[in-house]
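Undergrad: After the sequence you'll find the predicted model.
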Amino acid sequence: MASWVSSIHVAWVGAIMLLLLMSAMQTHAQLTPTFYEKSCPAALKTIRKAVRTAIAKERRMAASLIRLHFHDCFVQGCDASVLLDDAPSINSEKNAFQNFRSLRGFEVVDSIKAAVEKVCSGVVSCADILAVASRDASEYVNGPTWTVKLGRRDSTTASKDLAEADLPIAFNDLDAQISSFANQGLSVRDMVALSGAHTIGQAQCATFRGRVYNDTNIDAGFARMRRRGCPVSDGNGNLAPLDLVTPNSFDNNYFKNLIKKKGLLHSDQVLFNGGSTDDIVTSYSTNKAAFYSDFASAMLKMGDIKTLTGSSGQIRKICSIVN
Ligand code: HEM
């Protein structure tokens, strides 16, 4: 009797697991690198050309585009919600405190979208443009490259409240950072690898003032230097490079800086501060190939977060406005 019951139990568990597996496969089945092969064969090279033009004009744009994709994916998934402007039914994520006067590159995305609309109108989503542009941006500044999966569709909603709740902040400690990424299905290793994007780009004084005046796990000379450009009660918008050594080039210097206690943000240095992620930081600091490979995998994983596919959402005509 007992063995009869247990074989029924095993069969049930097996069937449920199969169903779960099938539904998981279905969710991602529609994202594929060849999605626009027939409907818009020129899509990828059109995006690449526009991205290269923008970064050639301003090198920092590579960083800004990568950050845009991250800030899109962490709020209700990679659905271009971050690009929507305020409207009667839209509470723009651009006004979330993590994004306001900070997130940039919107006009570049508009110009990429305009170029793509010219070659095939109404086909390529703004969410896919963000995913491809961040890959192209990384590649252009000597970072890793990967094959982007496509077929995301654009949201008809945005949420400033969710952006404020879900986007990590510079004052995070390690546990908060780990759980903010875990909430998106990303591992501790993914989190450390993705934080390596801070090998390029800039941060404003308001985001690192607390660190350079109050933190103790900071190199004294580095803190002094950064305080000069970031007065105690002035200059909130003054910029400093996230990687003091090679801010315009993607490499593994970010991790070398952390080992020297020269991380710019509090949330950077917590990755190397006697905690569980020290070993990963150490390995990336000496093994650029491992960092590149993990960064590429983690970007792919991030690009898969809660995508809209099939007939969900829409293909926006203008990225900042719902059709
Ligand atoms: C781990 C948690 C993270 C925190 C707390 C964080 C926080 C920040 C902050 C405060 C800035 C400076 C913004 C400003 O001053 O205007 C910044 C810049 C940047 N972040 Fe992050 N970030 C995190 C993870 C990531 C990830 C996962 C990526 C991409 C994969 C990323 C990419 C960037 C880039 C490229 C910049 C420079 C942008 C530019 O120069 O326009 N960050 N981040």
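TA: Okay, I see it.

Undergrad: And for whichever residue of the stretch 101-250 of the chain sits closest to the ligand, nearest residue in space, chain neighbours not counted?
TA: Residue nearest to the ligand within the stretch 101-250 of the chain: Gly201 (2.4 Å; C-beta to the nearest ligand atom). Heads up, the C-betas are built off the backbone N, CA and C, glycines and all. Sequence neighbours aside, Ala63 is the residue nearest to Gly201 in space, at 2.8 Å (criterion: C-beta to C-beta, 6 or more residues apart in numbering).

Undergrad: Thr147 and Thr32 touch, don't they?
TA: No: in this structure Thr147 lies outside contact range of Thr32 using C-beta atoms under 8 Å: 10.0 Å.

Undergrad: coming back round to it: so the residue nearest to Gly201 versus Ile47, what's the distance?
TA: Here the distance between Ala63 and Ile47 works out to 18 Å (C-beta to C-beta, to the nearest Å).

Undergrad: before we move on, what about Gln269?
TA: Taking C-beta to C-beta, one finds Gln269 at 35 Å from Ile47.

Undergrad: More neighbours: which of those two?
TA: Shown here are Gln269 and Ile47; by other C-beta atoms under 10 Å, Ile47 has more neighbours (24 against 20).

Undergrad: Quick one: residues contacting that one.
TA: Neighbour list for Ile47: Ile112, Ala115, Val116, Ile129, Val132, Ala133, Asp136 [criterion: C-beta atoms under 8 Å, 6 or more residues apart in numbering].

Undergrad: Those residues in helices, which ones?
TA: Among the contacts of Ile47, the members found in helices (DSSP state H) are Ile112, Ala115, Val116, Ile129, Val132, Ala133, Asp136.

Undergrad: Identify the residue nearest the residue positioned nearest the centre of the chain in space, chain neighbours excluded?
TA: Centroid check for the chain by C-alpha atoms, centre = their mean gives Phe70 as the closest residue, at 2.0 Å. In space, and not counting its chain neighbours, Phe70 is closest to Met302: 6.8 Å by C-beta to C-beta, 6+ apart.

Undergrad: State the distance from the one you found to Asp72.
TA: Going from Met302 to Asp72 by C-beta to C-beta gives 10 Å.

Undergrad: what sits in contact with each of these two?
TA: Contact with both Met302 and Asp72 is made by residues Cys78, according to C-beta under 8 Å, 6+ apart.

Undergrad: Skipping adjacent residues, who's closest to Lys256 in space?
TA: Nearest non-adjacent residue to Lys256, counting by C-beta to C-beta, 6+ apart: Ser285, 4.8 Å away.

Undergrad: how about that neighbour, what does it touch?
TA: The contact partners of Ser285, taken as C-beta under 8 Å, 6+ apart, are Asn252, Phe255, Lys256, Leu258, Ile259.

Undergrad: Using TSV, lay out the residues you listed together with distance to the ligand.
TA: Output for these, formatted as TSV (distance: C-beta to the nearest ligand atom, whole Å):
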residue	distance to the ligand
Asn252	15
Phe255	14
Lys256	18
Leu258	12
Ile259	18
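
Undergrad: circling back: count residues in the vicinity of the residue of the stretch 101-250 of the chain closest to the ligand, would you?
TA: Using other C-beta under 10 Å, Gly201 has 22 other residues around it.

Undergrad: ditto for Arg135
TA: Neighbour tally, Arg135, other C-beta under 10 Å: 27.

Undergrad: Leaving out sequence neighbours, find the closest residue to it.
TA: Val148 (5.1 Å).

Undergrad: got a list of what that neighbour touches?
TA: Pro33, Asp128, Ala131, Val132, Arg135, Leu300, Gly303.

Undergrad: if you average pLDDT over the helix or strand containing the residue nearest to the centre of the chain, what comes out?
TA: Taking DSSP states H and E as the definition, Phe70 sits inside helix 61-73. Average pLDDT, helix 61-73: 98.

Undergrad: can you tell me if that helix touches the ligand.
TA: Yes: against the ligand, helix 61-73 shows contacts by C-beta under 6 Å from any ligand atom at Ala63, Ser64, Ile66, Arg67, Phe70.

Undergrad: Select from the residues you listed the one having the most neighbours.
TA: Highest neighbour count within the residues of helix 61-73 next to the ligand, by other C-beta under 10 Å: Ala63, with 28 neighbours.
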